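Q: sequence and predicted structure are below.
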Amino acid sequence: MNIVCLDMEGVLVPEIWIAFSEASGIPELRRTTRDEPDYDKLMRFRLGILKEHGLGLREIQATIAKIDPLPGAREFLDELRSLTQVLILSDTFEQFAKPLMEKLNWPTIFCNTLEAADSGEITGYKMRCEKSKLTTVKALQSIGYETIAAGDSFNDLAMIQASKAGFLFKSTEQIKKDHPELPAYEEFGDLLNAIKAAL
């Protein structure tokens, strides 16, 4: 019994914060988990910048509405879901993910949630659980699933390493160099073939 666990941003859809950085003209918001392994530190930094510029949920959601999945992502996911169970494990937030899940034909996603004031100001965030991707993979394994995982960033490494098969996808040169033991792919067809071989 297999279940494939996939990261969302950078793997299936473009990075939301990079898109918002470009839309808002604030280069500091380009920082992602590819740059900063400490997610709490990264989110505190982001919320500080949003507050400084008077930006909130509405502005970010307006940017997300214009984001499309990466070319080939929907087809990849559709084929994968016809073969096995698939779960998107993301450190993003429900308020960001919903329009993207619609464009990906509503796969199941486990993610976090934002706390926002009526004004739209993002006042905080609630993580689903500590080390959410690794914790979820371990929980799935504890109920009889073998996991196969793929992601692109520092925060994906633990779930990839804990799985029976794990892959880097569209990752950075630095992460690939630091983890030569992990097969790395750039094209959906290659990742699909690797997952099929592991099923």
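A: Everything's here; your move. Note that the structure is predicted; figures quoted are calculated from it, not measured.
Q: what residues sit buried inside the longest helix belonging to the chain?
A: Of all the segments of type helix in the chain, defined by DSSP state H, the longest one is helix 39-53. Within helix 39-53, the residues scored as buried using 16 or more other CB atoms under 10 Å are 39, 42, 43, 46, 47, 49, 50. C-betas here are computed from N, CA, C, even on glycine.
Q: also stretch 123-135?
A: Those would be 125, 128, 132, 133, 134, 135, for stretch 123-135 by 16+ other CB under 10 Å.
Q: can you name the residues that contact the first one?
A: This means residue 125. Counting by CB atoms under 8 Å, 6 or more residues apart in numbering, residue 125 makes contact with 43, 47, 93, 112, 113, 114, 115.
Q: which of these count as buried?
A: 43, 47, 93, 112, 114.
Q: the fourth one contacts residue 127, doesn't it?
A: Yes - under the criterion of CB atoms under 8 Å, residue 112 makes contact with residue 127 at 5.1 Å.
Q: list the residues that contact both of the two?
A: With contacts taken as CB under 8 Å, 6+ apart, residue 112 and residue 127 have residue 91 as neighbours in common.
Q: ok, back up a step: need the max-distance pair from the contacts of residue 125.
A: 47 and 113 (14.1 Å; CB to CB).
Q: how far does stretch 115-133 stretch from one end to the other?
A: Using CA to CA, to the nearest Å, the end-to-end distance of stretch 115-133 comes to 21 Å.
Q: what mean pLDDT does that stretch get?
A: Regarding stretch 115-133, the rounded mean pLDDT is 93.
Q: quick one, helices of this protein?
A: Ranges of helices in the chain, per DSSP H, are 16-24, 39-53, 57-64, 73-83, 94-103, 132-142, 157-162, 173-178, 188-198.
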